[in-house]
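Chemist: need the 3D shape of this:
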Amino acid sequence: MDDQSYIAHADFAHVVSTLQGSYSIGRARYAKGMLAVRCPSSTGYKNRAARLIGDGLNCRWSGRERAYIASPSKVAKFEKLFAGGWDASSFSGALEAPRVQEEAAS
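Modeler: Predicted coordinates for the structure are as follows:
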């Protein structure tokens, strides 16, 4: 999906909710051509989506919009990584591969 169609798709902010966290994507009001990724947290700690977009992909936080500001191509990469189970380290911000849960041997 090219950048322009991704921005047009973001006219209607979509919300993704999972057990590991939720996020919503919409147009950034104060940054032309950029998207705003909101990652609400009820605990005050960053959830997996916030760690991935902010620390792992180095997107900037905007207090004015209360969201991470990212280009459409970075948001596409974020959604692909989030759906694949990737995370970012809470300490270093380095991307962490999905953890495979081993099944208990019977």
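Chemist: which residue ranges form the strands in this structure?
Modeler: Secondary structure of the chain by DSSP state E: the strands cover 14-18, 21-27, 35-38, 60-62, 67-70, 87-88, 95-96.
Chemist: contacts for stretch 86-102, please.
Modeler: 46, 48, 51, 52, 54, 55, 56, 57, 58, 81, 84, 85 (C-beta atoms under 8 Å, 6 or more residues apart in numbering). From N, CA and C alone the C-beta is placed, and that goes for glycine too.
Chemist: on that earlier part again, will you turn the strands of the chain into JSON lines that also has mean pLDDT?
Modeler: Output for those, formatted as JSON lines (pLDDT from 0 to 100):
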{"stretch": "strand 14-18", "mean pLDDT": "60"}
{"stretch": "strand 21-27", "mean pLDDT": "85"}
{"stretch": "strand 35-38", "mean pLDDT": "94"}
{"stretch": "strand 60-62", "mean pLDDT": "96"}
{"stretch": "strand 67-70", "mean pLDDT": "96"}
{"stretch": "strand 87-88", "mean pLDDT": "92"}
{"stretch": "strand 95-96", "mean pLDDT": "90"}
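Chemist: which of the ones you listed sits closest to residue 77?
Modeler: Each of the strands of the chain has some distance to residue 77 by C-beta to C-beta; the shortest is strand 67-70, at 8.9 Å.
Chemist: which strands border that closest one, and is each parallel or antiparallel?
Modeler: Here strand 67-70 has these sheet partners by DSSP bridges: strand 35-38 (antiparallel), strand 60-62 (antiparallel).
Chemist: how many residues are close by residue 27?
Modeler: Applying other C-beta atoms under 10 Å, we find 16 residues neighbouring residue 27.
Chemist: that one and residue 35 touch, don't they?
Modeler: Yes - assessed by C-beta atoms under 8 Å, residue 27 is found in contact with residue 35 at 6.4 Å.
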